[in-house]
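Trainee: pasting a predicted model and its sequence here:
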Amino acid sequence: MTQKNIYFASDFHLGYPVGDESRQREQRIVRWLDSIKHDAAHIYLLGDLFDFWYEYKYAVPKGFIRFQAKLMELREMGIPITIFTGNHDLWMFGYFEEEFGIPVIHNPISLIINGKHFHIGHGDGLGPGDYHYKFLKKIFTSKICQFLYSQLPVSIALGFGFLWSDYRKKKNAHRVEVFLNEKEWIWTYCKEVEAMTSHDFYIFGHRHLPLDLPVGTNGGRYINLGEWFGYDTYAVFDGTTVHLKKYTAENPFSDFIAMNLR
């Protein structure tokens, strides 16, 4: 019998930049999903799948058809998929539940898989610091603000969203992600959670830097999934432990050695 694995990935940022680069990334992600469908017991996608996403009642952003078609194929095969919203696609309101049967979760959750305790989410707005974003997130998630934004014509609202996303990306285009030691805010958040309730694995995205760091004194690990601009990294739980992997066309399951302070 084929070993069934649990897969985790995040930060695809489909739609940025507009054109070939995003399309090639989408095709690469579809190939990765195709490579894991034979042994996937569950796939968790931890946010920022799209660089901008806003759902109207009768309209969603165009594009990403290859990715969505692959999700539908996997669902029709009976593979459970769970999506978490990120800071770029937090305006998911029902499309994926209704059309694909994929639940969408907006905050970190704890769950038990094969006897192991997991705490998983996207990672935005967690831990100390980042107060500017935390303030903006309160505005972005306000029902009143969402209602007012939804009153804009679709072309204006989505156009503005893509322009804002493009501006933010270009502003940070030359920033190189480096390990920030004690200023790794998601890691700090994990240690705060661990002090209250012990977990085996903390799995997040958002950081754009693959990490595998110790949490607490009971063997817990914080694993950051990286991104699909340059790393093309994901994680797999084989029923016992979690491994960080890197997708390449030659070897979809190659091991990835992340920052590890053990």
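Mentor: Perfect, thanks for sending it. Residues are numbered from 1 along each chain as shown.

Trainee: spatially nearest residue to residue 177 (excluding sequence neighbours)?
Mentor: Counting by CB to CB, 6 or more residues apart in numbering, residue 209 is the residue found nearest to residue 177 once chain neighbours are left out, at 4.3 Å. To be clear about C-beta, it is placed using only N, CA and C from the backbone, and glycine gets the same treatment.

Trainee: ok, the one you found - contacts?
Mentor: 177-179, 224, 226, 259 (CB atoms under 8 Å, 6 or more residues apart in numbering).

Trainee: please report the distance of it from residue 30.
Mentor: Plainly put, residue 209 is 24 Å away from residue 30 if you go by CB to CB, to the nearest Å.

Trainee: now do residue 74
Mentor: Plainly put, residue 74 is 11 Å away from residue 30 if you go by CB to CB.

Trainee: and after the lowest-mean-pLDDT helix or strand in the chain, which helix or strand comes next?
Mentor: When the helices and strands of the chain are scored by mean pLDDT, DSSP states H and E, helix 154-171 comes last with a mean of 68. Per DSSP states H and E, the first helix or strand lying C-terminal to helix 154-171 is helix 185-196.

Trainee: and the contacts of the next helix or strand after that next one?
Mentor: Sequence order places strand 201-204 as the next helix or strand after helix 185-196, per DSSP H and E. Strand 201-204 is contacted from outside by 8, 10, 44, 46, 108, 116-123, 126, 186, 190, 193-194, 215, 220-225, 235, 237, 242, using CB under 8 Å, 6+ apart.

Trainee: quick check: residue 41 is in a helix.
Mentor: No - Residue 41 sits outside any helix when classified using DSSP: H, G, I helix; E, B strand; the rest coil, being strand.

Trainee: pLDDT value on it, please?
Mentor: As predicted, residue 41 sits at a pLDDT of 97.

Trainee: swap in residue 195?
Mentor: 96.

Trainee: can you get me a residue count around the closest residue in space to it that isn't next to it in sequence?
Mentor: In space, residue 195 comes closest to residue 216 once its chain neighbours are excluded; the distance is 7.4 Å by CB to CB, 6+ apart. The number of residues packed near residue 216 is 16, by other CB atoms under 10 Å.

Trainee: could we number from 756 for the rest of this?
Mentor: Noted, 756 is the first residue going forward, which turns the last one into residue 971.

Trainee: was I right about residue 971 contacting residue 942?
Mentor: No - Residue 971 lies out of contact with residue 942 (CB atoms under 8 Å); the separation is 11.4 Å.

Trainee: now the end-to-end length of stretch 760-780.
Mentor: Criterion CA to CA, to the nearest Å; first-to-last residue distance in stretch 760-780 is 24 Å.

Trainee: what mean pLDDT does that stretch have?
Mentor: pLDDT averaged over stretch 760-780 gives 92.

Trainee: what of stretch 984-1004?
Mentor: 96.

Trainee: mind exporting stretch 1005-1016 as PDB, just the C-alpha atoms?
Mentor: What follows is stretch 1005-1016, C-alpha atoms only, in PDB (Å, rounded to 0.1, in the frame of the first residue of the first chain):
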ATOM      1  CA  GLU A1005      14.300  16.700 -12.300                       C
ATOM      2  CA  ASN A1006      13.500  15.800  -8.700                       C
ATOM      3  CA  PRO A1007      10.200  16.900  -7.300                       C
ATOM      4  CA  PHE A1008      11.100  15.500  -3.900                       C
ATOM      5  CA  SER A1009      14.600  16.700  -3.200                       C
ATOM      6  CA  ASP A1010      15.500  17.500   0.400                       C
ATOM      7  CA  PHE A1011      16.000  21.100   1.300                       C
ATOM      8  CA  ILE A1012      18.400  22.100   4.100                       C
ATOM      9  CA  ALA A1013      16.800  25.100   5.800                       C
ATOM     10  CA  MET A1014      18.200  27.400   8.500                       C
ATOM     11  CA  ASN A1015      18.300  25.100  11.600                       C
ATOM     12  CA  LEU A1016      19.700  26.100  15.000                       C
END
